[in-house]
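Peer 1: Curious how this folds, go ahead:
(chains A, B and C)
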Amino acid sequence: MDKTRSDAASTNTRRGVSASPGLPRALPKVEARDRSAVAKAAIFKLRDVNVSYGGVTAVEDVTFDLLENEITAFIGPSGCGKSTLIRCLNRMNDLIPSAGVAGQVLYHDQDLYAANIDPVQVRKRIGMVFQKPNPFPKSIYENIAFGPRVLGMKGDMDEIVEKALRKGALWEEVKDRLKSNAFGMSGGQQQRLCIARTMAVEPDVILMDEPCSALDPISTGAIEELMLELKRNYSIVIVTHNMQQAARVSDRTAFFNVDKLEEGKRVGKLVEFAPTEKIFTKPDDIRTEEYVTGKFG
Amino acid sequence: MTEQRQHFQQQLAGLEQHALGGLDLVVEQLDRVLEALEHQDVELAQIVVADDDRLDGRYLEVHQGILSLLALQAPVAGDLRLVAALLHVIKHVERMGDQCVNVAKLIPLSGHEPPVDSDILYKILQMGQFARAEVLQCKRSFVERNVPMAEDLIARDAAINRLNREIFRHAIEAGHDEDVREWAMIMTMVARALERIGDNAVDIGEQTAFVVTGLFREFSDASHVATR
Amino acid sequence: MAVAESAITRKVVERASGGQRTRDLLFRLALLLCLFIAVLFLGVLLVDVVVDGAGFLSPEFATSYPSRLTPDTSGVRSALLGTLYLMVLCGLFIVPVGVAAAVYLEEYADPARWYNRLVEVNIQNLASVPSVVYGILGLAFIVRGPIDIWGLGKGQPTLLAGALTLGLLVLPVVIIVSREAIRAVPPSIREGSLALGATKWQTLWKQVLPGSIAGIATGVILALSRAIGETAPLILVGAGAFQLFDPKVDGPFSAMPIQIFNNVTESKPVFQDLAAAAILVLLILLLLMNSVAIYLRNRYETKW
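Peer 2: Below is the predicted model:
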């Protein structure tokens, strides 16, 4: 997949943050202090994305831009479709036969769901870390080396492994036991191994689906610090049900909510997308305010 | 453990520095206004009035920073006490700045060449120096989290209060010359402003004690004469 | 206040009533009795076989040919070699075919399609078809029939035909066990591999199959343990007995169960003891195979 940046990308840098045009109650206000919106390019552009399982719509009409070298958080009550949406970004939803994606998911202005796009290529550039750490039942070395090997990456494997482990803030802890089994590590270390493994294949984007929910507070803290380090070179999207985590680490936050339709159907919708500070100090939408203050969800 | 939440710790430290930096600005303003008093420099007084905008701006920045930190980082325990204390501290800093402005505004009122009672002027300038020392001490006590140093501010403040009373008595006895009396009245108002600066410094000392001990305790009741 | 007092005076944990305890005890005794009966039968059989046949066990027994005429020096050489070759060939057949079928059914087959559902249902059925039916199948299609094995086409019994017939017999078992082993690999491993940019094939070959190899190997050995004792299909395919030559892949062959069966039907009582000795040899072989299976499972099993 080639990385052609069209002219559309450069005009979008000036547009910066755009909220969904379908918001019922608020008009987006461009923050005068939000200088970051001018400098960064949009790495993902979602336009009217709908995801359904077996014909039943799970998430509807999602339109917004995710910016480069930022941490974007997806928050919202359970069932609002945030995990569903993040899995669209690297076509992991393809693994579910009944899943259907409509609308455009543009990565560097290329539609990821176009007919001629190979999902395997997509996943090389857009990596994912899952909720429960899932190291392979192999040695730490082999865990990291797996990705580069299957992708045919050239170079000294020892160096590649060391580089990845350093990026994952794990090198110092494991450098003397690279051949030991990954299952012998603690939960927090395993998750950092999964992050390092993702980075070994040199992606642009790291998607994280509730990466800390199975971990203790110390390990969570370590991973949050890691994320803040990584965002200098990668773009990160994190789904979290922990609002404080979203507040601590993310630059921009998207709040999703569950709309109850007739016949008891529930569908997820994007309510507000704004810089995190705004979401947590003076959100535009009353539903956002009620969610972050804990009145529901 | 020292690696955790570096980002947050840096933000908090920066906020503290920014807030306490306001005290340096206050000292600058105080020095200027004392010089203006000594030499009856009306232009310098005007500069002091204009420069207060810097302190007001700093107040807004620190306030916004505190709100942001509370919303995004949810500080607890010592961190929370620090943030709450900084909210008070910046308010006191802003008030100190306002008192300097009050003094500066009084200078032109006494005319370009007022009759000067050297005794009163000397005491005023001495009060100014004491106030200046108190501001620096309260800053240092906060930075070092030094409670004894903070509590010592009471003793310092007693000296300022004493001078304030003396100036007042002196002004009453200023006597025969009407111009001198008028000038002396204005000086009592200046003295009061300087005394308020000292009180604000003591309040900042109380915040230091709060950060360290978690207890908020008034060092002395302003309505009673300090017995130390 | 009265309520609180009675709560305190009442015992915090109530002991089981007497009747409850008797019932528990009786249940345990009943279970132990069942186990005892099962073990008893096995034990009696074993003792009987050992008593009758232990006398004949020796290295010469394994290396001498069986003979009707000189029972005292009769051995099981041709039958033993036949059984060993059968197991090897059978294994070479069932491993690739069985594992490939299991991989297809678990990883690639869309369970909504009718033909996949048909296969699914029938594998369970095939595992319980009587072994003599497989013998008929082997005779009709492999020995005599259209499938011309090694250009023989002569309708003669061959070791290869025997191995294939046994393979068909135990193939369903291998497929079922391999599917279980593949299914035991958690989906999170597959997701993790795919999320790194590996293809489905790379994921299978480098993560799923290595992770299920212990289960597959155990399943294959257990299938072979079943095959080793099957007599009916081998009779139909034309295995011989009392052969005085080593078996060849494309030629006539013997096998331990056949030899045992033929020993038992001889009139002289000494042949009963020879049969018992041959049974012992077979049991030792089975024991070895099962030990290997257990060792492999303990050593290489991944605890997810």
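
Peer 1: only C-alpha atoms for contact and neighbour calcs from this point on.
Peer 2: OK.

Peer 1: Wait, A:Phe256 touches A:Gly268, no?
Peer 2: Yes. Counting by C-alpha atoms under 8 Å, A:Phe256 does reach A:Gly268; the two are 6.6 Å apart.

Peer 1: Find the residues that touch each one of the two.
Peer 2: A:Cys80, A:Gly81 (C-alpha atoms under 8 Å, 6 or more residues apart in numbering or on different chains).

Peer 1: Need the pLDDT of the residue of the stretch 201-304 of chain C found nearest chain B.
Peer 2: Proximity of the stretch 201-304 of chain C to chain B (C-alpha to the nearest C-alpha) peaks at C:Trp304, 31.1 Å away. Looking at C:Trp304, its pLDDT stands at 74.

Peer 1: Also A:Ile218?
Peer 2: 89.

Peer 1: Around it, how many other residues sit close by?
Peer 2: 12 (other C-alpha atoms under 10 Å in any protein chain shown).

Peer 1: helix or strand for it, which one?
Peer 2: Using DSSP states H and E, A:Ile218 maps to helix A:217-230.

Peer 1: Following that helix in sequence, what is the next regular element?
Peer 2: strand A:235-239.

Peer 1: Measure how that next one sits relative to helix A:217-230, angle-wise.
Peer 2: 150 degrees (axes from the mean of the first three to the mean of the last three C-alpha atoms, to 10 degrees).

Peer 1: Can you tell me which helices and strands strand A:235-239 packs against?
Peer 2: strand A:71-75, helix A:82-88, strand A:205-209 (3 or more C-alpha pairs under 8 Å, 6 or more residues apart in numbering or on different chains; DSSP states H and E).

Peer 1: let's see 6 Å
Peer 2: strand A:71-75, strand A:205-209 (3 or more C-alpha pairs under 6 Å, 6 or more residues apart in numbering or on different chains; DSSP states H and E).

Peer 1: Give me the mean pLDDT for that strand.
Peer 2: pLDDT averaged over strand A:235-239 gives 96.

Peer 1: Name the residues that touch it?
Peer 2: Strand A:235-239 has contacts (C-alpha atoms under 6 Å, 6 or more residues apart in numbering or on different chains) with A:68-74, A:205-210.

Peer 1: Chain A: strands as residue ranges?
Peer 2: Remark: strands assigned in chain A by DSSP state E are A:42-53, A:56-67, A:71-75, A:99-107, A:110-111, A:126-129, A:205-209, A:235-239, A:252-260, A:266-275.

Peer 1: so which of the contacts of strand A:235-239 would you say is closest to chain B?
Peer 2: The closest of the contacts of strand A:235-239, once distances to chain B are taken by C-alpha to the nearest C-alpha, is A:Ala73, at 13.1 Å.

Peer 1: mind listing the helices for chain B?
Peer 2: B:6-39, B:42-73, B:77-106, B:118-143, B:147-172, B:178-213 (DSSP state H).

Peer 1: out of these, nearest to chain A?
Peer 2: Chain A lies closest to helix B:42-73 among these, at 4.6 Å (C-alpha to the nearest C-alpha).

Peer 1: quick one, that closest one and helix B:77-106 angle?
Peer 2: Going by the same axes, to 10 degrees, helix B:42-73 makes 160 degrees with helix B:77-106.

Peer 1: So helix B:42-73, near chain A or not?
Peer 2: Yes. Using C-alpha under 6 Å from any C-alpha of the partner chain, helix B:42-73 comes into contact with chain A via B:Ala71, B:Leu72, B:Gln73.

Peer 1: how many neighbours does the residue nearest to B:His18 when sequence neighbours are not counted have?
Peer 2: Counting by C-alpha to C-alpha, 6 or more residues apart in numbering or on different chains, B:His18 lies nearest to B:Val62, which is 7.0 Å off, once chain neighbours are set aside. Using other C-alpha under 10 Å, B:Val62 has 22 neighbouring residues.

Peer 1: Relative to chain C, how far out is B:Val62?
Peer 2: 44 Å (C-alpha to the nearest C-alpha, to the nearest Å).

Peer 1: Give me the pLDDT for that residue.
Peer 2: Reported pLDDT for B:Val62: 96.
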